[in-house]
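J.: Sequence and computational prediction follow.
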Amino acid sequence: MSNSGLSINVGEVAEAAKQLDALADRLQKTMQDEDSNLNVIAPGRDEVSVRAAATMNEVKASFGKSNQQGLNELREIAATLRSHGNASAAVDSAF
């Protein structure tokens with residue numbers, strides 16, 4: 001078997017996964033903290049004010065959904081890093 005030259009520092013991989021999880025947690029907390037500030041209330045009852053507020057709230061909802069998908073992706077990446085780091089450690093310990 002040839003040596004591929006691949007080297008993985010399991011500690012650094014675990015730290016990167018930890019940082020990704022922390023980033024996702026901070027982003028989620030910020031969105032939760034700012035949620036009420038992002039709701040738009042129409043300043044009047046006229047059609048333009050009502051429609052503008054509704055549109056901005058629709059954009060907020062769409063962004064919230066995209067943000068949650070991004071948070072899920074960050075957490076999946078962190079989990080994958082942890083899994084591969086653990087697998088590498090197991091392979092290394094077998095030698």
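T.: Everything's here; your move. Note that the coordinates shown come from a computational prediction; the quantities given were computed from them, not determined experimentally.

J.: what residue ranges in the protein are flagged as low confidence?
T.: 1-4, 89, 92-95 (pLDDT under 70).

J.: helices and strands around the helix or strand hosting residue 80, which ones?
T.: Using DSSP states H and E, residue 80 sits in helix 47-94. Counting contacts by 3 or more CB pairs under 8 Å, 6 or more residues apart in numbering; DSSP states H and E, helix 47-94 packs against helix 10-34. Where you see a C-beta, it was placed from the backbone N, CA and C, and this is true even at glycine.

J.: what's the angle between the helix it packs on and helix 47-94?
T.: 160 degrees (axes from the mean of the first three to the mean of the last three CA atoms, to 10 degrees).

J.: tell me the contacts of the residue most central in space within the chain?
T.: In the chain, the centroid-proximal residue (CA atoms, centre = their mean) is residue 71; its distance is 2.2 Å. Shown in contact with residue 71 (CB atoms under 8 Å, 6 or more residues apart in numbering): 24, 27, 28.

J.: Pull out the buried members of the residues you listed.
T.: Neighbour counting by 16 or more other CB atoms under 10 Å classes residue 24 among those as buried.

J.: want to throw the contacts of residue 71 into a markdown table with distance to residue 7?
T.: Below are these laid out as a markdown table (distance: CB to CB, whole Å):
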| residue | distance to residue 7 |
| --- | --- |
| 24 | 28 |
| 27 | 31 |
| 28 | 34 |
